[in-house]
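>>> Starting from these lines, generate the structure:
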Amino acid sequence: VARCAPGMMATRTTSPSSKPGKPAARASEPRADTVASRMAVFRRLKHPSDTDSMFGPIRILVMPIRSLIQPVVQGLGDVEPLVFTVGEDLPLDEAAKRLIENAYTRVDLVMDRGEFAVRGGILDVFPPTAPHPVRIEFFGDELTPSRNSTPPTSYLRRRPQDHLATACRELQLTDAVRTRAKALVGSIPNAEDMLESIANAIPVEGMESLMPALVDHLEPVGSMLPKHAVILLSDPEKLRRSAEDLAKTANEFLAASWHVAASGHGAGAPISFDEASFLDYAETISSLEYSEHPVIRLTSSAWTPRDR
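Reported below is the predicted structural model:
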């Protein structure tokens, strides 16, 4: 049984510490390891493998209401994970390109999660879900075991098994996204610097706030669930109130940002997109039921199935 903790499915939240003139409802960025765990979950939901332990099917998935009602980029579950396997062929240039698309930052010396460095035929990368950076050596296009017993930088650790470099962000810095970001520079208030960074394949804080402008479609997490999945709602009334509070808070921050902009103290109008807003709780549950998912409502006194 695979059990995913609620924090693993934690989504972007509006931040009360957003500075005036910044995007309204700008996401307070989740940690890279949280995003990587979410991406791994999405992959396992859409493409479970009975032969690969890293991507085995999920039996039980626990998520907070925030994850259920906030849409994500369509196709996240189809993002191919980057796996480094000794003995297999993978051009170093291709590996670096994939890491950049997965929002890793290229640096001279790897110190933090989500960074990578290339020196000759050596790739140092710090996957968000790994406790330490890993070193991968290439002989031509073939991945080989490291020949040095002690790496020149002592912080590096190597393991004999495969290494998984999960994406650091839910917004993939693909050529299409970068091209669109470049074309949008100057057309969205307060976003010029962010768009320029995205166009140059540089991940920046808050870039997920521009997802509706940079990608064609968003989708609810519920659409990734297998057809046979059974949905259990723990205390539906509490979930409904929590969903309403989330939507209310998001609207309050948006209104506050517009007030700051109107007063002349900010840099301009806030960035907001209706498509990125929280979904309606009742409509989300109805959609799951309409998709023929059995939805069971659990209360403190009893459980109530609602079959269609």
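>>> for the stretch 201-308 of the chain, which spans come out with low pLDDT?
253-276, 301-308 (pLDDT under 70).
>>> The stretch 1-150 of the chain: strands as residue ranges?
3-4, 13-14, 27-28, 60-61, 72-73, 82-84, 105-106, 115-119, 122-125, 134-139, 142-144 (DSSP state E, counting those that start in this stretch).
>>> Residue 43 is nearest to which of the ones you listed?
strand 82-84 (11.2 Å; Cβ to Cβ). For every residue, glycine as well, the C-beta is placed using N, CA and C.
>>> Give the pairing partners of the closest one; include direction for each.
With DSSP bridges as the test, strand 82-84 is paired with strand 163-165 (antiparallel).
>>> Would you tell me what the next helix or strand after the strand it pairs with is?
The first helix or strand that comes after strand 163-165 along the chain, using DSSP states H and E, is helix 175-184.
>>> contacting residues for the closest residue to residue 45 other than its chain neighbours?
Spatially, and ignoring its direct neighbours in sequence, residue 45 is nearest to residue 224 (4.5 Å; Cβ to Cβ, 6 or more residues apart in numbering). By Cβ atoms under 8 Å, 6 or more residues apart in numbering, residue 224 lies in contact with 42, 45, 46, 77.
>>> Need the buried ones from those residues selected in ChimeraX.
Burial among the contacts of residue 224 is assessed by 16 or more other Cβ atoms under 10 Å; the matching ChimeraX selection reads:
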select :42,45,46,77
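>>> Show me which of the contacts of residue 224 is closest to residue 115.
For the contacts of residue 224, the nearest to residue 115 is residue 42 (22.7 Å; Cβ to Cβ).
>>> Can you check the pLDDT for that closest one?
Looking at residue 42, its pLDDT is 91.
>>> How about it: what's its closest non-neighbour residue?
Closest to residue 42 by Cβ to Cβ, 6+ apart is residue 77, at 4.1 Å.
>>> What separation do you get for that neighbour and residue 55?
11 Å (Cβ to Cβ, to the nearest Å).
>>> Now do the shared contacts for these two.
With Cβ under 8 Å, 6+ apart, residue 77 and residue 55 have common neighbours 43, 47.
>>> how close does residue 131 sit to residue 123?
18 Å.
>>> These two: who's more crowded?
Between residue 131 and residue 123, counted using other Cβ atoms under 10 Å, the more crowded position is residue 123 (24 against 9).
>>> so who does the more buried one touch?
Here residue 123 is in contact with 92, 95, 96, 116, 117, 135, 136, 137, 138 (Cβ under 8 Å, 6+ apart).
>>> Looking at it now. What's its pLDDT?
If you check residue 123, the pLDDT there is 91.
>>> Quick check: the residue nearest to the spatial centre of the chain vs residue 236, distance?
Nearest to the mean C-alpha position of the chain, by Cα atoms, centre = their mean, lies residue 170 at 3.0 Å. Distance, residue 170 to residue 236, using Cβ to Cβ: 28 Å.
>>> and if you look at residue 60?
In this view, residue 60 and residue 236 are 19 Å apart by Cβ to Cβ.
>>> Please say which of these two ends up with more neighbours.
residue 236 (17 against 9).
>>> separation between the more buried one and residue 244?
13 Å.
>>> same question, residue 233
Taking Cβ to Cβ, one finds residue 233 at 15 Å from residue 244.
>>> Between these two, which is the more surrounded one?
A direct count of neighbours by other Cβ under 10 Å for residue 233 and residue 244 places residue 233 higher, at 21 against 13.
>>> can you give me phi and psi for the more buried one?
When quoted as degrees, to the nearest 10, the phi and psi of residue 233 stand at phi -100, psi 120.
>>> re earlier: tell me the confidence at the residue nearest to the centre of the chain?
At residue 170, pLDDT is 87.
>>> doesn't residue 234 make contact with residue 296?
No - here residue 296 lies out of contact with residue 234, judged by Cβ atoms under 8 Å, at a distance of 9.9 Å.
>>> now the helices for the stretch 201-308 of the chain?
Per DSSP state H, counting those that start in this stretch, the stretch 201-308 of the chain carries helices over the ranges 211-214, 236-263, 281-290.
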